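Participant: this one's structure only:
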């Protein structure tokens, strides 16, 4: 009987501790994962990836999805190159935001502006997943791409942010 009481108390304490855990919150700036050969970007062949520091984000980690306004650079006439930012999508492990580069209506590059970098595991997962997502998005020319196994939350945020950027490009 005494063991049952101790076991029940330990189980209840364990459940309370598990429920009190909070998901990762991204802090500070994250590097930008870039793919493709955007006009004037100086990047190599399409599908190549490089990492450069991103500007400090102004959105707080708890900001609502869609709180980031899209930005367009350059003229929208004819085949002009323009960059459009997608919504910041909050995921379980942190925010994800992409910026697309379009030449006319053709998707030429995708830059991941924000993604989870809270701990070493986040960085490992995203170092593999984001270049694969970038390459697939450029190949597909739309947001109808497969999620990367092992990076489901980041993939979902990436796809939703990509779709919002492409929607802004049309409108």
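Facilitator: Happy to help now that I have it. As the structure is a prediction and not an experimental result, all values here were calculated from the model.
Participant: For this protein, which segments count as helices?
Facilitator: 2-20, 120-140, 152-170 (DSSP state H).
Participant: Switch those over to TSV; also include distance to residue 90.
Facilitator: All C-beta spots, glycine's among them, are computed from the backbone N, C-alpha and C. TSV is the format used below for the helices of the chain (distance: least, CB to CB, whole Å):
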stretch	distance to residue 90
helix 2-20	20
helix 120-140	14
helix 152-170	8
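Participant: from those, which stretch is densest packed?
Facilitator: Counting by mean count of other CB atoms under 10 Å, helix 152-170 has the highest mean neighbour count of these, with a mean of 21.
Participant: Just the mean pLDDT for that helix, thanks.
Facilitator: On average, the pLDDT along helix 152-170 is 92.
Participant: Now for residue 141: which residues touch it?
Facilitator: 106-107 (CB atoms under 8 Å, 6 or more residues apart in numbering).
Participant: Swap in 6 Å and give it another go.
Facilitator: Residue 141 makes contacts with residue 107, as judged by CB atoms under 6 Å, 6 or more residues apart in numbering.
Participant: still on that earlier bit, out of the helices of the chain, nearest to residue 99?
Facilitator: Across the helices of the chain, residue 99 has its closest neighbour in helix 152-170 (6.9 Å, CB to CB).
Participant: what does that closest one rub up against?
Facilitator: Residues contacting helix 152-170 (CB under 6 Å, 6+ apart): 70, 84, 86-87, 89, 91-93, 96-98, 100, 102, 126, 129, 133, 137, 143, 147-148.
Participant: again, 8 Å this time
Facilitator: Residues external to helix 152-170 that are found in contact with it (CB under 8 Å, 6+ apart): 65-66, 70, 72, 82, 84-93, 95-100, 102, 105, 107, 110, 112, 115-116, 125-126, 129-130, 133, 137, 142-143, 145-148.
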